[in-house]
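**Q** kindly return the folded structure for what I paste below:
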Amino acid sequence: MLNRRRFFQSSLAAAVAYALPTPRLFAVDQAATQAAGGLAAVRLDGSTTVIEQAAVAELKASLRGPLLLAGDSGYDSARRILHPQFDKHPALIVQPTGAADVRNAVTFARERELLLAVKCGGHSFSGKSTCDGGVQIDLSRLRGVRVDPAARRAYVEGGSLLGELDHETMAHGLVTTAGTVSHTGVGGLTLGGGFGRVARRFGLALDNVKSVDIVTADGQLRHASAEENPDLFWAVRGGGGNFGIVTGFEFGLHPMQRQIIGGNLVFPIERARELLEFYAEYSDQAPDELYVDYEMNSSKGGKADAVMIQACYSGPASEAERVLAPLRKLGRPLEDTIRAQDYVAIQRSGDYTDARNSGEYLKAGFITGYTTGLMNAVFDGFRPDPERGTYFFHQHAAGAIGRVATDATAFPHRRPTLEIFAVVSWDLATDGKRHVDYVKDYWSKLQPFTDGYYTNEVADEHQPHIDDNYRGNIARLRQLKCQYDPQNMFRLNANILPA
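**A** This next block holds a predicted model:
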């Protein structure tokens, strides 16, 4: 069965690595270095250093969670992220079991000015949740969700995955926006924005955050909310991982029935333009309770060329037939899976866990409605090739997302109605350059119709583009970065440079 979410979570990282400048490789015989009485490592400025064994032993003694070095059991599984093309080797990996461990690890890295990566779900499309020669803080042992149904609050540990949040909240008939792939990390998704199947109804994930506990670059654990450290609270909601490591989230929850109406309609690709024209109007007029996406794809070898419309309606069951009626008038599909479903099950329907041998490259941006020029650009530039997968698709925005001021949080992109994506995939055993060149050229025709991009899904932008993407919030963000992270320790992200 076609599944765009499954594709979307596949190994985009290979192509991202291809597009970025080649980094200086960290190649050291770590065993020999340790035998000589030290641990080779990379600093923030890219220079190499040696950490004395006594300091490593002191760090290990300060932790309840494991400290892993090359050769230790668990090191290889911990260093890997979802995208196996990023085969990086941190000098050491800390797996904290609580905030104290995070504080000790951050202090250790700051005092030695070591490169620092933070891994939650490991979904980073650019490989930035791991690093060569630095410190990786792997939050996989810092997981758990507690729900207070009376207060409609969820208390979520910083390394938790979205599926854990959905599982616990829906047990009480409550929900908050939690992406579309259940094994995504709560931290990365939320701090960068947090779209999802109920975002049009309840706002972005970050709009539902009531407070955070965060370890900042000075090693201090701070509580941030509207009442306490409000500037920091503003910054983390959209500023990504730039301001520290969140060890705990407090989310507001909303009542919602467990059964929704959702699934996919698949049509022949020959109907692509007709269906996109329909989708542009239908998605624009949809009620907040309806989330609907569009995908056009041409798989390698032309074996699965098709258009897919994905829907999730979470409103009153009595209204479902009326809201979805336009979809039923589109004619007989090749496949129809739209039916009453468990919300937690549909949240898992796009999960990706298997390793793949293909590379992908992605470009994405926000739009506010369709013009004839954009519609023409979509189809003029979409060129299938038997040696690659070629994909164009949308993610639905607007609704409650757009009813928040652009400066109310650090996330400024409140007005777009849709996000558009252009993607290619190819066999890693072959040269992907011409496929990357194709999608860059395709995107050059689409980009003029876009207005910014979602930092959680774009990996290879240069600093001026990153700054511009924070829009009118960048000056305040840079001042707060200077206050909370003047060394720019937390730089492996959509980085905000200190003022």
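
**Q** contacts only, for residue 120.
**A** For residue 120, the contact set (CB atoms under 8 Å, 6 or more residues apart in numbering) comprises 129, 139, 158-159, 185-188. The C-beta positions use only the backbone N, C-alpha and C, and glycine is treated the same way.

**Q** flag the least confident of these.
**A** By pLDDT, residue 185 ranks lowest within the contacts of residue 120, coming in at 83.

**Q** hmm, it is touching residue 118, no?
**A** No: the pair residue 185 / residue 118 is not scored as a contact, 9.6 Å apart, by CB atoms under 8 Å.

**Q** what do the two both touch?
**A** In contact with both residue 185 and residue 118: residue 139, using CB under 8 Å, 6+ apart.

**Q** picking that back up, narrow the contacts of residue 120 to those in helices?
**A** Counting by DSSP state H, the contacts of residue 120 place 186-188 in helices.

**Q** between those residues, which is closest to residue 486?
**A** Closest to residue 486 out of the ones in helices among the contacts of residue 120 is residue 187 (22.4 Å), distances taken as CB to CB.

**Q** what's the burial count for the closest one?
**A** Residues lying near residue 187 (other CB atoms under 10 Å) number 28.

**Q** show me the contacts for residue 379.
**A** Contact partners of residue 379, counting by CB under 8 Å, 6+ apart, are 272-273.

**Q** three-state assignment of it?
**A** Classification of residue 379 using DSSP: H, G, I helix; E, B strand; the rest coil returns helix.

**Q** now do it, the pLDDT please.
**A** 97.

**Q** next one: residue 268
**A** With respect to pLDDT, residue 268 has a value of 96.

**Q** residues in contact with stretch 327-345?
**A** With contact meaning CB under 8 Å, 6+ apart, stretch 327-345 is reached by 1-2, 163, 166-167, 170, 175, 197, 256, 258-268, 275, 278, 282, 306, 309, 311, 314, 324.

**Q** now which of those residues would you call buried?
**A** Using 16 or more other CB atoms under 10 Å as the burial test, the contacts of stretch 327-345 include 2, 163, 166, 170, 175, 197, 256, 260-267, 275, 278, 282, 306, 309, 311, 314, 324 as buried.

**Q** show me those that map onto helices.
**A** Counting by DSSP H, the part of those found in helices is 163, 166, 170, 275, 278, 282, 324.

**Q** hmm, back to that, from the ones in helices among the contacts of residue 120, pick the one nearest residue 147.
**A** Closest approach to residue 147 among the ones in helices among the contacts of residue 120 (CB to CB): residue 186, at 13.9 Å.

**Q** contact partners for that closest one?
**A** By CB under 8 Å, 6+ apart, the residues touching residue 186 are 120-121, 156, 158, 160-162, 164-165, 178, 205, 249.

**Q** what does residue 163 give?
**A** Each residue near residue 163 by CB under 8 Å, 6+ apart is listed here: 182-183, 344, 347-348, 351.

**Q** in JSON lines, list the contacts of residue 186 along with distance to residue 215.
**A** As requested, these are arranged in JSON lines below (distance: CB to CB, whole Å):
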{"residue": "120", "distance to residue 215": "14"}
{"residue": "121", "distance to residue 215": "19"}
{"residue": "156", "distance to residue 215": "16"}
{"residue": "158", "distance to residue 215": "9"}
{"residue": "160", "distance to residue 215": "16"}
{"residue": "161", "distance to residue 215": "20"}
{"residue": "162", "distance to residue 215": "22"}
{"residue": "164", "distance to residue 215": "21"}
{"residue": "165", "distance to residue 215": "21"}
{"residue": "178", "distance to residue 215": "23"}
{"residue": "205", "distance to residue 215": "20"}
{"residue": "249", "distance to residue 215": "13"}
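
**Q** in terms of helices and strands, where is residue 421?
**A** Using DSSP states H and E, residue 421 maps to strand 418-427.

**Q** CA atoms only: put that strand into PDB for me.
**A** Extracted as PDB, the C-alpha positions of strand 418-427 are listed here (Å, rounded to 0.1, in the frame of the first residue of the first chain):
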ATOM      1  CA  LEU A 418      -0.200  24.500   3.200                       C
ATOM      2  CA  GLU A 419       3.400  23.200   3.200                       C
ATOM      3  CA  ILE A 420       4.700  21.900  -0.200                       C
ATOM      4  CA  PHE A 421       7.500  19.300  -0.600                       C
ATOM      5  CA  ALA A 422       9.600  18.200  -3.600                       C
ATOM      6  CA  VAL A 423      11.500  15.000  -3.000                       C
ATOM      7  CA  VAL A 424      13.600  12.500  -4.900                       C
ATOM      8  CA  SER A 425      14.900   9.100  -3.900                       C
ATOM      9  CA  TRP A 426      17.500   6.800  -5.500                       C
ATOM     10  CA  ASP A 427      19.500   3.700  -4.900                       C
END
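
**Q** name every strand pairing with that strand and say which way it goes.
**A** strand 358-367 (antiparallel), strand 389-396 (antiparallel) (DSSP bridges).

**Q** correct me if wrong, but residue 400 is in a helix.
**A** Yes: looking at residue 400 with three-state DSSP, it is inside a helix.

**Q** give me the neighbour count for it.
**A** So residue 400, with other CB under 10 Å, has 16 neighbours.
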